[in-house]
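Participant: Quick one, fold the following:
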Amino acid sequence: MTRPALLFTLLTLTTAALFLTDLAVGSVDIPLSEVWAALSGGACDPTVSTIVLKIRLLKAVTALLAGSALAASGLAMQTLFRNPLAGPYVLGISAGASLGVALFLLGAPLLGIAGHSFIQSLGTAGAAWIGSALVLAVVMAVSRRIKDIMVILILGMMFSSGVSSVVEILQYLSNETALKSFVVWSMGSLGDVTGNRLMLMLPAVATGLVLSIAVIKPLNLLLLGENYARTMGLNVQRTRTLIFLATVLLAGTVTAFCGPVGFIGLAVPHLARMLFAAADHRILMPASMLTGAALLLVCDLLAKTLTLPINTITALMGIPVVIFVVIRNRNLF
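Facilitator: Model (predicted):
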């Protein structure tokens, strides 16, 4: 068995074990035998079945989707921009989502719907998705006129800073209830995704992952620069558009439903590179997806054990990885 095949097998088994552990661990610990009985339809306590199937299973599946989505989009962004510090939110997607949520939460009390939790929950996700999509649409429009990818990166960062400033103004003007709702959303959460919302999240993320797989060959060509890719017959403009679209479907959807979960998209591609010792995206893309899913399951387990927001855990785990990679591998590209 080759090294990549062995690593993929071990990583898949590890992810499956973490998935089952995530179903068993929580405020009420459930034996793995009862978790399996609930999943397989065997005889088990109705309360256990409800906890496993209607609460923890949704959260664990969300962790799998969010982790793989953020990792895949992060890898694509780092390759496209040839920058190891690029991430899925580098183009202002997170800032756009935050602006959409801030506008909605500020306007909800004025519209008299602040007390309706279902409308507020669905509206928050929708506002985040629309905000991130609009920001990316502007970036895509700019990219059609500007050929230099680094200029697009700088413009995206500046646009993100500008949008973040508007969000801060809205926070300053918000009342206490709306401000609290926004702060809670900004901390990130995997537990707000209900069955109906998962049915909306799943096809969007699946489409984004399919697009990410579709651009594996172009990403390999882009490793040596856009000029080289063009000489090999690659339509760089079309590839950019596909990568940007995949990013808004992946990072934008995860942000919409789970909040701005940070550092997974930035750190995981580096972990995959070190683990598999490869630069080929035919290996790196599925490796990043699996590693991202496993890492976010670990973060969820720690967040439940320590009773902390998911964003604090992802930051504490991601920041050391990024610092280590930048110091040790200054010439990644």
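Participant: how long is stretch 245-255 from one end to the other?
Facilitator: The straight-line separation of the ends of stretch 245-255 (CA to CA, to the nearest Å) is 15 Å.
Participant: Distance check, Ala17 against Val193.
Facilitator: Per CB to CB, to the nearest Å, Ala17 is found 22 Å from Val193. Where you see a C-beta, it was placed from the backbone N, CA and C, and this is true even at glycine.
Participant: Neighbour count for these two, which is higher?
Facilitator: Val193 (24 against 13; other CB atoms under 10 Å).
Participant: Look up phi and psi at the more buried one.
Facilitator: For Val193, the backbone dihedrals (degrees, to the nearest 10) come out as phi -90, psi 110.
Participant: Would you confirm that it contacts Thr62?
Facilitator: Yes - the pair Val193 / Thr62 is scored as a contact, 4.5 Å apart, by CB atoms under 8 Å.
Participant: joint contacts of these two?
Facilitator: By CB atoms under 8 Å, 6 or more residues apart in numbering, Val193 and Thr62 have these common neighbours: 201, 257-258.
Participant: Could you double-check that Ile310 lies in contact with Pro260?
Facilitator: No - shown here, Ile310 and Pro260 do not form a contact pair, counting by CB under 8 Å, at 10.4 Å.
Participant: Compare those two and say which is more crowded by neighbours.
Facilitator: More crowded of Ile310 and Pro260, by other CB under 10 Å: Ile310, with 25 against 21.
Participant: got a list of what that one touches?
Facilitator: For Ile310, the contacting residues are 187-190, 258, 261, 299-300, 303, by CB under 8 Å, 6+ apart.
Participant: remind me which residues of the stretch 1-150 of the chain are low pLDDT?
Facilitator: For the stretch 1-150 of the chain, the stretches with pLDDT under 70 are 107-122, 147.
Participant: just the helices in it please.
Facilitator: Here the stretch 1-150 of the chain has its helices, by DSSP state H, counting those that start in this stretch, at 3-24, 32-40, 46-51, 57-81, 93-111, 117-143, 149-173.
Participant: most neighbours per residue, which of those helices?
Facilitator: helix 57-81 (a mean of 27; mean count of other CB atoms under 10 Å).
Participant: about what we covered before: how about the shared contacts of Val193 and Thr62 in JSON lines, adding distance to Val25?
Facilitator: What follows is the shared contacts of Val193 and Thr62, written out as JSON lines (distance: CB to CB, whole Å):
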{"residue": "Met201", "distance to Val25": "23"}
{"residue": "Phe257", "distance to Val25": "22"}
{"residue": "Cys258", "distance to Val25": "19"}
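Participant: and the least confident of those?
Facilitator: pLDDT across these is at its lowest for Phe257, which sits at 86.
Participant: you'd agree that residue is up against Met199?
Facilitator: No - with contact defined as CB under 8 Å, Phe257 does not count as touching Met199 (11.2 Å).
Participant: out of those two, which sits in the busier spot?
Facilitator: More crowded of Phe257 and Met199, by other CB under 10 Å: Phe257, with 27 against 10.
Participant: how close does that one get to Leu202?
Facilitator: Per CB to CB, Phe257 is found 10 Å from Leu202.
Participant: what does Gly131 give?
Facilitator: Per CB to CB, Gly131 is found 21 Å from Leu202.
Participant: how about stretch 280-297: buried residues?
Facilitator: Of all the residues in stretch 280-297, those buried under the rule 16 or more other CB atoms under 10 Å are 281, 283-297.
Participant: From these, which land in helices?
Facilitator: Using DSSP state H, the subset of the buried residues of stretch 280-297 located in helices is 281, 283-297.
Participant: which residue is nearest the centroid of this structure?
Facilitator: Geometric centre of the chain, nearest residue: Leu70, 3.0 Å, by CA atoms, centre = their mean.
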